[in-house]
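Peer 1: Got a sequence here, can you model it:
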Amino acid sequence: MSRDPLLKVYGHVYPVSRAFYDDLAHACADALPDADDIPVLEKDGDMARISFEGMYFPVDEVLEALARHLEPEHKGKLDVLDMDGWRLTRHVFAGGRINSSSAPLNNVLDYSGH
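Peer 2: Numbering: from 1, shown residues only. From the prediction side, this is the model:
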């Protein structure tokens, strides 16, 4: 019997160097996705993309890796959907900083500006 994943995490950051990407890959290594055949982290040109659904994602470690490398030219975001707690936490990367905010999933359209 399969069950819905507890966490869904989607995001991207660009431009990333090899060292930046490798640090993100190391931070994502302990993720426990529901489907092993889908990579958690992929490189697309100079962009790193994160796509995860499963039991455990090392959010703090990934944010720490991002913080070590973020410069003013980096842009992106990381959305963490906690299906058990029914919340979306969005981490936006801009100006060399990480700005985080959170809202109930019921309010996502209002929260995201749509």
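Peer 1: Could you pull out the buried residues of the top strand by length along the chain?
Peer 2: Secondary structure of the chain per DSSP state E: the longest strand is strand 47-56. Within strand 47-56, the residues that count as buried by 16 or more other CB atoms under 10 Å are Ala48, Arg49, Ile50, Phe52, Glu53, Gly54. C-beta here means a position set from N, CA and C on the backbone, and glycine is covered the same way.
Peer 1: What does the pLDDT read for the fifth one?
Peer 2: According to the per-residue confidence, Glu53 scores 94 in pLDDT.
Peer 1: circling back: closest to Asn107 among the buried residues of strand 47-56?
Peer 2: For these, the residue nearest Asn107 by CB to CB is Glu53; the value is 21.5 Å.
Peer 1: in the protein, which residue is closest to the centre?
Peer 2: Leu78 (3.6 Å; CA atoms, centre = their mean).
Peer 1: In three-state terms, label that one for me.
Peer 2: The three-state assignment at Leu78 reads strand, by DSSP: H, G, I helix; E, B strand; the rest coil.
Peer 1: thinking again about what came up before, for the longest strand of the chain, C-alpha coordinates in PDB please.
Peer 2: Extracted in PDB, the C-alpha atoms of strand 47-56 (Å, rounded to 0.1, in the frame of the first residue of the first chain):
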ATOM      1  CA  MET A  47      20.800  26.100 -12.900                       C
ATOM      2  CA  ALA A  48      20.400  23.600 -10.100                       C
ATOM      3  CA  ARG A  49      16.900  22.100  -9.800                       C
ATOM      4  CA  ILE A  50      15.500  20.400  -6.700                       C
ATOM      5  CA  SER A  51      12.500  18.100  -7.000                       C
ATOM      6  CA  PHE A  52      11.500  15.900  -4.100                       C
ATOM      7  CA  GLU A  53       8.600  14.000  -2.700                       C
ATOM      8  CA  GLY A  54       9.000  11.600   0.200                       C
ATOM      9  CA  MET A  55       9.600  11.100   3.900                       C
ATOM     10  CA  TYR A  56      12.600  13.200   4.700                       C
END
